[in-house]
Structures are given as structure tokens and as C-alpha cells.
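# Below: sequence and its predicted model.
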Amino acid sequence: ELRGFALISSVDNFEGKKITLNARNDEIDLKDEDWLPIGSSFTAFAGTFDGEMHTIRGINLNTSTAGTGFFGEIGTTGDVSNLYITDSTFKSTTTDLGSVAGINRGTISTVYSDADVISSQLRSGGIVGSMLNTASVDNCWFDGTITLTTANGKQSGGIVGYIAYGTANSNVSITNCLYTGELTFEATSTRWGLRIGGIAGGAHDYYTPTIAIKNCISAGTVKQKDNSASIYAVSAVYGGFDEPRATKLTLENVYATNECCSAARIYHQYKADASATGTDPIITGTGALFDSSALQGVSGYQNTNLDFTNTWAARSEDVPGLQKFVSNPLNITTAVRPDTSWYDADETRQEITDEADMYGFMKLMVEGNTFADKEVYLMADLNAMNKVEAGTIDKWAAGTETPDNKWVGGTKFAGTFDGNYYTISN
């Protein structure tokens, strides 16, 4: 029936229709037989596909057609959700390849994939090859491999390969996504042509897209095959910009590991040289780089601003995962998250009333606040360290480790601290 659906989709875009996956034993095994993608550039899927959290395994795509994956192209009204893709291979000798979709103009949400994505051309992604128009990818996790086999393998990313190719004024979003896979490329570049990132490779800046990457973690790897390539536009989150134009990129609650790639940075920003015309990209917000240990276990909760109530789950000895796909989340009900809301830069007197405030105090110092001309008062007994794993307060700033795993390091306290005869224990 699934193959029949794919065949019909070549002539019917299913607009206004909902397809629900009702798999026996919770999964469908396609047994590695050749796969025909659902929808294409001629008939983009325009309906709703709800996988109801079932698994599809054994997808085998080997193609020379552009814009392919489990879905070929998802149209502007298309919606694909609630699906596992596992033990599958997607291989292409042309552009726009992803395990969920080659091209997305609609919505993809709550999908996990550990597929192998293999391409010899541009614009490959773990979830989506290319995003256009007002496309979105939300609550998706890629834990597979992406292998770019030739020097043409560029403009690719762990979640999304490329954005806005050939489409003006696209407004796309990537939210609540996790990359824990492996991306290997062979291409070299001395300027902006490479554009490879842990979350997204980049965008066709000529078309001035607006891009939002929010509440995401890049904890996989992005590596050049023999480590000989220029790293001009290879980054842990967003690969880079290709032209001096007013692309708008917003980053909010975005985190990456230092181990991701040799270029340990959130993004690479194009800077116009003397011969260039136009405008540099407009970037709002930033991200944070950590050693992977600072995102594992309870630390992943404490060191981020991610939503662990509805979306994310702490995992023992691993980075946070997405709740929909984590069977045994770590209990964080007694963990303390740093609170800096008590600090008022315009006031001299500052008051610490509980453990969360104390951790916020430490966080502010590691980030560079000396508290010069400030008076900090302790307003309660604190029994702090029994509520947090040892060593988790040592990496608040991007890539910064405080000396000897002490609470605070790198910034000398220049204010006044009055303990008011209260006790700090543990």
C-alpha cells in the first residue's frame, strides 16, 4: 500500500487529503527494494502524512533524479510528521537529497532518521536537501551519516542542506532539531563555495532569505575526509554565507559541541572585500559552544535554555534528546538551573536568595561580569551542590573551562560580597 501511495503521488498531489500510516507491528519493512519517492518537482505532495510514530525501515533509493528522499518534494501545503526512518540508504548523483525529503516547501515535524545519505552533488541534508518558500522543520533528529563523495559535494548540512535556491524572499525555520550524526565531505574551497554546517549548510544569499534556527543542538561531526580542505565556510551550526547581501539569520538557544569540526564556531560570516558590492548578512543572536561533557546528563538541562518540560529530555552520559524519541529520560526534577533574573545592572545592591540565584551569580562571572561597584548580599542558607552533578558549573561561556573545575574562574570579582552570616554547604 505504501508503494502504491508513492506511485499514485506521481499524478495526484493529495491536496486536502490526509494519509495515516497504520503499520502492523509498528513498522513497515521495505526490504531494501528500490524506492520511488512520494511526490516530485512535477507533483509536489500537498496533503498531510501522519506516520503515527511508526517505523519505516529498509528504504533503498539510488537515483540520478534531482530532489529525492522518502518524499521527493513537499509542497507549500504539505505536512509530514510523526515518523521513524531507520536502516535505510538514500544515494544520488545529482542535487537536493535528504532522507525525509529532497525539497521541502511545507512542514516536516517529529521525524527521527538514522539513514545513510550519500551524494556526489550539491545540497544534501540529513532530513531535507533544500528548503524553500515558508518551509519549516521542527522536532527532528538526524543520527545517521551523510557522505559527500566528490568535490561537488557542497552546500550541505546535518539537518538541512541548503536554503532558498532559486526562490526569492523565502522565510524558513529550523526549530527544536538535534544533529548527532556524521557528515564527511571531500570538497575544498578557498572562499564561500563550500558552506557545510551541523544544522544547515547555508543559503543562496542572492535571494535574500530570512532564516530562523532556534532551540537546536549540533552534537554530531562535520569532517573533511583527509582534513586537507579549507575550512572557510564549515561550521558547527550554519556553514556560511555566499554573497554580500542582506540575508537575515536569527539564532536563538542554539548549542554545539567543540568536537563537531575543526572550525569550532557557530557560523562563518561573509565579509565583503573591496571588490564586492551589496550588504553583509543581518545576524541576530548567537549560539554557544561547549565541550560535549557540558551538555551531557543533567548538564544539558543546566547549561541550556531549552524546554525540558515539553520538548527535550536529559539523557545519562549523552546530550539531550527529543522527548518523542527518548524512552528512558534522566530525572532532572531536583536539578538546579541558573537564574540571572535577580541581577539588575542599574542597581548597586544585588540579592541572592536561593541556589538557582547562586548558580546565576557564577554564570554571570564566567561570562565576564566583575560586579565592579556592586554589593552582593546572600539572603538565605544554601545547600547547593547536592542538587547538581559535580563539575557541571565549569563551562558556562562558549568553549570556556574554568581552572581546576572550580565554581568561578577567568573573571576577578571586583565588587563587595556580604554573606550575612548565612551558610553555603556542599
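Perfect, thanks for sending it. Bear in mind that the values here come from a model prediction, so they are computed numbers and not experimental data.
# C-alpha from now on. contacts and neighbour counts both.
Will do.
# what distance separates stretch 324-344 from the middle of the whole chain?
Chain-centre distance of stretch 324-344: 19 Å, with C-alpha atoms, centre = their mean, to the nearest Å.
# ugh, typo on my part, it should be stretch 47-61
That offset, for stretch 47-61, works out to 22 Å (C-alpha atoms, centre = their mean).
# which residues touch that stretch?
Here stretch 47-61 makes contact (C-alpha atoms under 8 Å, 6 or more residues apart in numbering) with 13-23, 26-36, 69-70, 77-92.
# mind listing which of the residues you listed are in strands?
Of the positions in the contacts of stretch 47-61, 18-20, 27-29, 79-86, 89-92 sit in strands, assigned by DSSP state E.
# hmm, which of the residues you listed are the buried ones?
By neighbour count, with 16 or more other C-alpha atoms under 10 Å, these hold 27-28, 79-86, 89-92 as buried.
# Pull the number of nearby residues for the residue nearest to residue 370 when sequence neighbours are not counted.
Of all residues not flanking residue 370 in the chain, residue 413 sits nearest, at 4.9 Å (C-alpha to C-alpha, 6 or more residues apart in numbering). Using other C-alpha atoms under 10 Å, residue 413 is surrounded by 15 other residues.
# wait, isn't residue 413 in contact with residue 373?
No. Between residue 413 and residue 373 there is no contact under C-alpha atoms under 8 Å: 10.4 Å.
# so where's the stretch 201-350 of the chain shaky on pLDDT?
By pLDDT under 70, the low-scoring segments of the stretch 201-350 of the chain are 205, 227-232, 242-246, 262-263, 270-279.
# ok, 50 please
Applying pLDDT under 50 to the stretch 201-350 of the chain flags residues 272-276.
# now the strands for the stretch 251-400 of the chain?
Ranges of strands in the stretch 251-400 of the chain, per DSSP state E, counting those that start in this stretch, are 282-284, 287-290, 312-315, 318-322, 349-352, 375-378, 382-383.
# now the first one, how far from the chain's geometric center?
Mean C-alpha position of strand 282-284 versus that of the full chain (C-alpha atoms, centre = their mean) differs by 18 Å.
# Give the pairing partners of that strand; include direction for each.
strand 248-257 (parallel) (DSSP bridges).
# Now the strand it pairs with: buried residues?
Those would be 248-249, 251-257, for strand 248-257 by 16+ other C-alpha under 10 Å.
# May I see the residues you listed organised as a markdown table, with distance to residue 132 added?
A markdown table is the format used below for those (distance: C-alpha to C-alpha, whole Å):
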| residue | distance to residue 132 |
| --- | --- |
| 248 | 15 |
| 249 | 15 |
| 251 | 19 |
| 252 | 21 |
| 253 | 23 |
| 254 | 22 |
| 255 | 24 |
| 256 | 25 |
| 257 | 28 |
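# which of the residues you listed lies closest to residue 130?
Ranked by distance to residue 130 (C-alpha to C-alpha), those are led by residue 249 at 16.4 Å.
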